[in-house]
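Peer 1: Build me a structure from this.
(2 chains)
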Amino acid sequence: MIEPNRQGDVWVVAEQNDGDLHDVGLELLSKGRQLADRLGVRLTAVLLGAQVEENARRLIQHGADRVIAGEHALLGHYQTNPYAKVIAGLVQEHRPQVVIFGATPLGRDLAPRVASTVRAGLTADCTDLDIGEHVEPHTNTRYENLLYQIRPAFGGNIIATIVNPERWPQMATVREGVMRMPDAAPNRRGEIVRLTPHLKPDDLALKILEHRRTARKVNLKAARVIVAGGAGVGGKENFRLVWDLANALGAAVGASRAAVDNGWIDKDHQVGQTGTTVRPALYVAVGISGAVQHRAGMSEARKIVAINADPHAPIFGVAHYGVVGDLNRVLPMMIEAIKKRA
Amino acid sequence: MAYNLVVLVKQVPDTKRITGEAMRDDGTVNRSALSAIFNPEDLHALELALELRERYGGRVTVITMGPPQACEVLRQSLERGADDVALLTDRRAAASDTLATSYILACAVRKVAAEAPVDMVLCGRQAIDGDTAQVPPQTAEKLGWPQITYVDAVEEVSGRRIRAHRNTGSGWERVEAAMPCLLTVTDQGPAPRPASARRLMAVKKARCRAELQAEVNAVMPDATPEARTAEVEKRAAALAAKGLLVKQWTLDDVGADLAWCGRDGSPTKVKRIQSVVLKGSGFKKVEPTPEGVAGMVHELIEDHTIG
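Peer 2: Now for the predicted structure:
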């Protein structure tokens, strides 16, 4: 067990695989920056890999004060045990107060292994982090400057705030796409601490026989405008209208779980708790009732237009514009109006 | 070569099917009104274990931790073909976070391993109530075993090695690991078989002691505690004779150190729970007419939402 270290840094574990830095690490630096400034400590990024120099510089440019960069040939392709061993060792040595990981498949494989090794608490899939005080009801003990780990639970029907009062570091995984990626500042300076972890082939518990990366067909996270269809669209042919509106707007096409489950559109397009979390400038929800699981993935959009035949659909609860009507009539009207302005 | 397989399963509220009855007037969900189900991905883990047993021989033991009513998922496991099941139920385990839960489950796996070495633990990727996916990797760490997460197929098991296909989210990997190891299985894993009608009839009377106690309390409300205990023992002995008494373990039975269990063993504390309110107001109503829609599009262009 690690005692709380109130001078400890805020750490962001930056995700890389085969040399590619994942966006989520950069996104976490923006929130990490806020937390570190509130606490008056450094923001440190932890990066492992076979070659780390270039990615370490990017982490500094995106807000890290310091990068602990572990370089080893055995760390090029990610696998659980060597990564967990190195990061847990660093945590025990440096005693950061906060450690955050991306809640990607890789981060969700790694973070619990690290947390268990150092016997620390870990909160999964946070959508927000904050600093605040806490009074433990059982002991009436007061704690200052704890990390609030805020996450949806129970299928998105509740929002829980979790704290780790006494057993540190305070660790969390954070969903991709919910934090804004900071702009790179090419001239930003920081410290790069290079180290070579002691690893031997025995530390690789897995033999990777073969691996493939499959390119995502759609990049919802990067889309400025998204037109998404749900069960109310009614069928695969009718989904054509959703595509047509998206084309008119230069938008990406999203979908609710129902539309994906019905086989109308590929799972890559799914928005929501089990799909992608998006925060576009405009989200047009077509025939989407707005189950909490879906809303968890899109309610941060700057403007939301809901088009639904059911005036009581929960999607209207988060909408800025609501059109109650038949999408077969409303969508062509919208396409027409968009074409006219050009 | 036969393998000794342990499957860790959970009974969960059906958070994916929120019906009208489970909704309160204020738009929040009444969690206690949701029906309890076998966690969906755990069914895939169980199916994978059963298929491995059919291919290579061996034994499948299913363990769950929860209140006495969680015994239902163990009966469902027996219906599908599990060889043995055990319920870990103990009030002192309440309020365990994922770290404490994984500690307790690792203790339970060690208890099974004390009888015969365990080759593999299989779990669903995550449970639909918490969606954390943390307990399996933390259990693997406590056992000191490798983990293979997000498995959608096991290619082969040969001697002490297993080859599996896993979904990395951005692609896939084929990996090989030495046993013992822990696997988490996704909903792309083998499709769960339905319960066998023959087995369903055979195991429908299976009960754990806590369930027998509740049944006896209901039918003997005025009896003394001693009389009730005697009745529970009588019923338990009758079930045991037919092989239908479900093992029931406490934290002491699995050798757990209480300092690592329950509230005391959990570093994370819930500070606050807010119900998500499904009702809302304050959107601009747009008439479903060409004029109404054009007006909205105009506003979206004016404020640079679309350009």
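Peer 1: Low-confidence bits of chain B, can you list those?
Peer 2: Along chain B, the model assigns pLDDT under 70 to residues B:16-21, B:23-29, B:276-281, B:307.
Peer 1: all helices of it, in order?
Peer 2: For chain B, the helices defined by DSSP state H cover B:40-56, B:71-80, B:98-115, B:135-143, B:197-203, B:209-219, B:225-241, B:290-302.
Peer 1: Put together CSV for those helices, with distance to chain A on each row.
Peer 2: Just so you know, the C-beta spots here come from the backbone N, C-alpha and C atoms, and that holds for glycine as well. As requested, the helices of chain B are arranged in CSV below (distance: least, C-beta to the nearest C-beta, whole Å):
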stretch, distance to chain A
helix B:40-56, 12
helix B:71-80, 18
helix B:98-115, 6
helix B:135-143, 4
helix B:197-203, 28
helix B:209-219, 25
helix B:225-241, 31
helix B:290-302, 4
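Peer 1: which of these is buried the deepest?
Peer 2: Of all these, helix B:135-143 has the most neighbours on average by mean count of other C-beta atoms under 10 Å in any protein chain shown, namely a mean of 27.
Peer 1: For B:Pro40, see how far away the residue lying closest to B:Asp152 once chain neighbours are set aside is.
Peer 2: Closest residue in space to B:Asp152, ignoring its immediate chain neighbours: B:Gln188 at 4.0 Å, by C-beta to C-beta, 6 or more residues apart in numbering or on different chains. Note on B:Gln188: its distance to B:Pro40, by C-beta to C-beta, to the nearest Å, is 12 Å.
Peer 1: and if you look at A:Ile288?
Peer 2: Counting by C-beta to C-beta - A:Ile288 and B:Pro40 are separated by 23 Å.
Peer 1: go on, A:Val67?
Peer 2: For A:Val67 relative to B:Pro40 (C-beta to C-beta), the value is 40 Å.
Peer 1: same question, B:Cys71
Peer 2: Applying C-beta to C-beta, the value for B:Cys71 to B:Pro40 is 19 Å.
Peer 1: do A:Pro201 as well
Peer 2: In this view, A:Pro201 and B:Pro40 are 38 Å apart by C-beta to C-beta.
Peer 1: right, and the helix or strand after the helix or strand of chain A with the lowest mean pLDDT?
Peer 2: Taking mean pLDDT, DSSP states H and E as the measure, the helix or strand of chain A with the lowest value is helix A:292-295, at a mean of 88. Per DSSP states H and E, the first helix or strand lying C-terminal to helix A:292-295 is strand A:303-308.
Peer 1: Pull out the buried residues from that following strand.
Peer 2: Within strand A:303-308, the residues scored as buried using 16 or more other C-beta atoms under 10 Å in any protein chain shown are A:303-308.
Peer 1: From those residues, pick the one nearest B:Trp145.
Peer 2: A:Ile304 (45.9 Å; C-beta to C-beta).
Peer 1: Now do the contacts for that closest one.
Peer 2: By C-beta atoms under 8 Å, 6 or more residues apart in numbering or on different chains, A:Ile304 lies in contact with A:282-285, A:298, A:315, A:318-321.
Peer 1: again with A:Val318
Peer 2: Going by C-beta under 8 Å, 6+ apart, the list of residues near A:Val318 reads A:290, A:295, A:298-299, A:304, A:306, B:280.
Peer 1: Return the member of those residues nearest to A:Glu144.
Peer 2: Using C-beta to C-beta, A:Ser299 comes nearest to A:Glu144 of the contacts of A:Val318, at 31.4 Å.
Peer 1: excluding its backbone neighbours, what's nearest that closest one?
Peer 2: Leaving aside its sequence neighbours, A:Ser299 sits nearest to A:Val318 (C-beta to C-beta, 6+ apart; 4.7 Å).
Peer 1: repeat for A:Val67
Peer 2: Once flanking residues are discounted, A:Val67 sits nearest to A:Ala56: 4.3 Å by C-beta to C-beta, 6+ apart.
Peer 1: Ramachandran coordinates for that neighbour?
Peer 2: Backbone geometry at A:Ala56, expressed as degrees, to the nearest 10, gives phi -60, psi -40.
Peer 1: How about the contacts made by A:Lys267?
Peer 2: Residues counted as contacts of A:Lys267 (C-beta under 8 Å, 6+ apart) are A:260, A:275.
Peer 1: Can you give me the separation between it and B:Gln126?
Peer 2: Look at A:Lys267 and B:Gln126: by C-beta to C-beta, they are 17 Å apart.
Peer 1: what does the average pLDDT come to for stretch A:132-151?
Peer 2: For stretch A:132-151, the mean pLDDT works out to 94.
Peer 1: That stretch and chain B, are they touching?
Peer 2: Yes - using C-beta under 8 Å from any C-beta of the partner chain, we find that stretch A:132-151 touches chain B at A:134, A:136, A:138, A:148-149.
Peer 1: Now that stretch: buried residues?
Peer 2: A:134, A:143, A:146-151.
Peer 1: ok, longest strand in the chain?
Peer 2: Since you didn't name a chain, this refers to chain A. If you go by DSSP state E, chain A has its longest strand at strand A:141-153.
Peer 1: Oops, wrong one, chain B.
Peer 2: Counting residues, the longest strand found in chain B (DSSP E) is strand B:147-158.
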